[in-house]
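Student: Show me how the following folds:
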Amino acid sequence: MFESIAVLIIFFFLLSFGFTFYGKMQQISNMKKMRQATEIDTVSLAIKTSNLAELQCSIKNVGEPNCYDWYKIKAFQHMLQDSENNEFLTDHYYQKLGYSRIELNIIYPDHDSILLYNRTRDLAEGGGSIVTLMPISVYNPTDKKHRFAYLNITYYSPE
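Tutor: Coordinates of the predicted model:
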């Protein structure tokens, strides 16, 4: 009688240990999948940002990849600062860019920093941020010169 109770206690102990181990492994697997999804979202945001049609250089109506037009940048910046259309534009770009901060940093031949989009989320609520740097060319059509720059893209993950 005592032997069968001892066997049952050991069996339930091993069963609970197995469930605990399986639960931890499943939790680690889910964390990896969430991290992968966040990284994919970050890369997708970087690609969308570098190919924004509103800012892209075009020669004979053909867009150049990873190139922004200087005057389009200035007009875009002015448009987002306009208080009348700001709510509509912020909602429009939120659908494309989500919670992120996009800053253009010109590094050669002069130094300049231009904030293109800023919709952040409070990190105290959870989640984190991932910063991606993407090289880009800024073309000034009046003097026909390119400037070297990079996009500083900060993506705020939902969880």
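
Student: which regions of the protein lie under the pLDDT threshold?
Tutor: The chain contains residues with pLDDT under 70 at 83-86, 124-127, 159.

Student: Strands of that one, start to end?
Tutor: 56-59, 62-69, 100-108, 112-119, 129-140, 145-156 (DSSP state E).

Student: For the spatially closest residue to residue 72 that is not a sequence neighbour, which residues are in contact?
Tutor: Spatial nearest neighbour of residue 72, chain neighbours left out: residue 55 (4.9 Å); criterion: CB to CB, 6 or more residues apart in numbering. Where you see a C-beta, it was placed from the backbone N, CA and C, and this is true even at glycine. Contacts for residue 55 (CB atoms under 8 Å, 6 or more residues apart in numbering) come out as 68-69, 72-73, 76, 116.

Student: So what does residue 55 look like in phi/psi?
Tutor: When read as degrees, to the nearest 10, the backbone of residue 55 gives phi -120, psi -10.

Student: Please apply the same query to residue 143.
Tutor: phi -100, psi 0.

Student: and if you look at residue 51?
Tutor: Dihedral angles (degrees, to the nearest 10) for residue 51: phi -120, psi 30.

Student: about what we covered before: among the contacts of residue 55, who's most crowded?
Tutor: residue 68 (26 neighbours; other CB atoms under 10 Å).

Student: beta partners of it?
Tutor: residue 56, residue 138 (DSSP bridges).
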